[in-house]
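Enquirer: Provided below for reference: sequence and predicted model.
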Amino acid sequence: MNSEIRDELKSLGFRENSYGGFEGRLAGSYFAIEDHPWSSQTVIYGDKLSNRHVYQTEITIDRKYISIDRIVEALLIFIDNKIFIDKEDLKITNISEGDIKLEILNDLLSKEMISTSIKLGLLNTLTSIMDHGLDPNFMLNNDCSILEFACKSTNIFHKHRVVKVLLDYGANPNIVDDRGMTLLMKYGKDTEIAKLLLNYGANPNYTCKLTGDTALGINFKEHKLVRLLLEYGAEPNIENYDELSPIDLAIVNKDFVSAEILYRSGAKVKADQEQLEFANLMKKKVTMEAKKVQLSVREYLLFSMLKESGQVFLSKMGMKSLARLIEEHSCNG
């Protein structure tokens, strides 16, 4: 085993033993990993019961093809409870390039094995499993597909690459849970995940069955995501079951940054006083930008208050004062 593999094994919690190999415990099982001295094989011994150093199961890997992914594949086989035989030895040999003995693996694929492959970011392992027929929309439980598991997992290695692998193999980016929420609605705050889902056909205008909101309405406070959704064709005027559109929600929640983004993308405001005041301010702000009118310090500070998402809210007096100041500048300009 080369130094890179040895370092990876140490990072997984294995320790070097007196035979020049490694020993350790993983997922409740004990393992020894050693280069066979009389052949070109690396041997992985496993014992599910206790640390007796009487390993009942072994897998051999041709050292020509050894890699940390190959070793972890073997560990995953061990970890799967179905492969352990308490009283009989079991040997799987000659795991070599392009041959992971999936005629055995196909009968042994477990939810733990699949989820561990995703969590550890084992791209080669995951690709091999997908190549041998795993449904890309496989459900780990009643309401969690493997794609959702990858999207929501934290501290996952190569998270975005894992999601891309699953999408490449046909995972449905529009899968919904029992509340009618899509992955875009739930995990779009990670804009890299959102962009991947959108690039693979996620519908930005799908409405939640529970509330009637789109991803824009649910995530109106996420400004980067709002811009991304609009870029990919999100309709800003879809109302939820309470007849509130994303810009309505933004204004009610005093998120004027989001409201401005939506307004500039064609969102319509309602005819109530607060929303009309916001619309008038925005129209005048656009006019000012077009004329390149210079603001005084006071006016600049007032405008800055509009940009403080949820932090500072202009009183109606303040909004009227700002409108008057803008009007004066517009007249003078």
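Expert: Received, thanks.
Enquirer: how about the helices in the stretch 151-300 of the chain?
Expert: 159-168, 183-187, 191-199, 215-218, 223-231, 246-252, 256-264, 273-291, 297-306 (DSSP state H, counting those that start in this stretch).
Enquirer: so residue 140 sits in a strand?
Expert: Yes - Residue 140: assigned to a strand according to DSSP: H, G, I helix; E, B strand; the rest coil.
Enquirer: surely it meets residue 118?
Expert: No - using C-beta atoms under 8 Å, residue 140 is not in contact with residue 118, being 9.1 Å away. To be clear about C-beta, it is placed using only N, CA and C from the backbone, and glycine gets the same treatment.
Enquirer: give me the contacts around stretch 245-255.
Expert: 214, 216-217, 220-221, 226, 236-239, 244, 256, 258-259, 262-263, 267-270, 274-275, 278, 309-310, 313 (C-beta atoms under 8 Å, 6 or more residues apart in numbering).
Enquirer: then stretch 225-234?
Expert: So stretch 225-234 is contacted by 184, 188-189, 191, 194-195, 198, 204-205, 214-216, 219-220, 236, 246, 258, 261-262, 265 (C-beta under 8 Å, 6+ apart).
Enquirer: again, only using 10 Å
Expert: By C-beta atoms under 10 Å, 6 or more residues apart in numbering, the surrounding residues in contact with stretch 225-234 are 184, 188-191, 194-195, 197-199, 202-205, 214-220, 222, 235-236, 246, 250, 255, 257-259, 261-262, 264-267.
Enquirer: which among those end up buried?
Expert: 184, 188, 190, 194-195, 197-198, 202-204, 214-220, 222, 235-236, 246, 250, 255, 257-259, 261-262, 265, 267 (16 or more other C-beta atoms under 10 Å).
Enquirer: hey, what's in contact with both of residue 140 and residue 118?
Expert: 146, 149.
Enquirer: neighbour count: the two, which is higher?
Expert: residue 118 (27 against 15; other C-beta atoms under 10 Å).
Enquirer: checking the more buried one next. Helix, strand or coil?
Expert: helix.
Enquirer: OK, contacts around it?
Expert: 125-126, 129, 140, 146-147, 149-150, 153, 156-159, 162-163, 165-166.
Enquirer: what's the average pLDDT for stretch 175-190?
Expert: Averaging pLDDT along stretch 175-190 yields 94.
Enquirer: how about stretch 161-169?
Expert: Mean predicted confidence for stretch 161-169 is 94.
Enquirer: name the residues of it that are buried.
Expert: Buried-residue list, stretch 161-169, by 16+ other C-beta under 10 Å: 162-167, 169.
Enquirer: now these in JSON lines, with distance to residue 37?
Expert: Shown next, in JSON lines, are these (distance: C-beta to C-beta, whole Å):
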{"residue": "162", "distance to residue 37": "37"}
{"residue": "163", "distance to residue 37": "42"}
{"residue": "164", "distance to residue 37": "41"}
{"residue": "165", "distance to residue 37": "37"}
{"residue": "166", "distance to residue 37": "41"}
{"residue": "167", "distance to residue 37": "45"}
{"residue": "169", "distance to residue 37": "41"}
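Enquirer: touching, residue 62 and residue 41? I think so.
Expert: Yes - Residue 62 is within contact range of residue 41, at 6.3 Å (criterion: C-beta atoms under 10 Å).
Enquirer: what about the two, which has more around it?
Expert: Between residue 62 and residue 41, counted using other C-beta under 10 Å, residue 41 has the larger neighbour count: 20 against 17.
Enquirer: the more buried one: what's its closest spatial neighbour, skipping adjacent residues?
Expert: residue 60 (4.4 Å; C-beta to C-beta, 6 or more residues apart in numbering).
Enquirer: make sure I have this right: that neighbour is in a helix.
Expert: No - using three-state DSSP, the secondary structure at residue 60 is strand, not a helix.
Enquirer: and residue 262, how far is that from residue 41?
Expert: 62 Å (C-beta to C-beta, to the nearest Å).
Enquirer: could you do residue 30 as well?
Expert: Distance from residue 30 to residue 41, by C-beta to C-beta: 20 Å.
Enquirer: next, count neighbours for residue 17.
Expert: Residue 17: 14 neighbours (other C-beta under 10 Å).
Enquirer: can you map out the strands along the chain?
Expert: 15-16, 22-26, 29-35, 41-47, 57-62, 90-95, 139-141, 144-145 (DSSP state E).
Enquirer: what average pLDDT does the second one get?
Expert: Translated: strand 22-26. 78.
Enquirer: packing partners of it?
Expert: Applying 3 or more C-beta pairs under 10 Å, 6 or more residues apart in numbering; DSSP states H and E, one finds that strand 22-26 contacts helix 3-11, strand 15-16, strand 29-35, strand 41-47, helix 68-79.
Enquirer: out of those, nearest to residue 134?
Expert: Across the helices and strands packed on strand 22-26, residue 134 has its closest neighbour in helix 68-79 (13.5 Å, C-beta to C-beta).
Enquirer: which one of the helices and strands packed on strand 22-26 is the most hemmed in?
Expert: helix 68-79 (a mean of 23; mean count of other C-beta atoms under 10 Å).
Enquirer: ok, residue 242 touching residue 210?
Expert: No - distance between residue 242 and residue 210: 12.0 Å, which falls outside the contact criterion (C-beta under 10 Å).
Enquirer: the closest residue to residue 158 other than its chain neighbours: how many residues sit nearby?
Expert: For residue 158, ignoring the flanking residues on the chain, the nearest one in space by C-beta to C-beta, 6+ apart is residue 121 at 3.6 Å. The local packing of residue 121 (other C-beta under 10 Å) involves 19 other residues.
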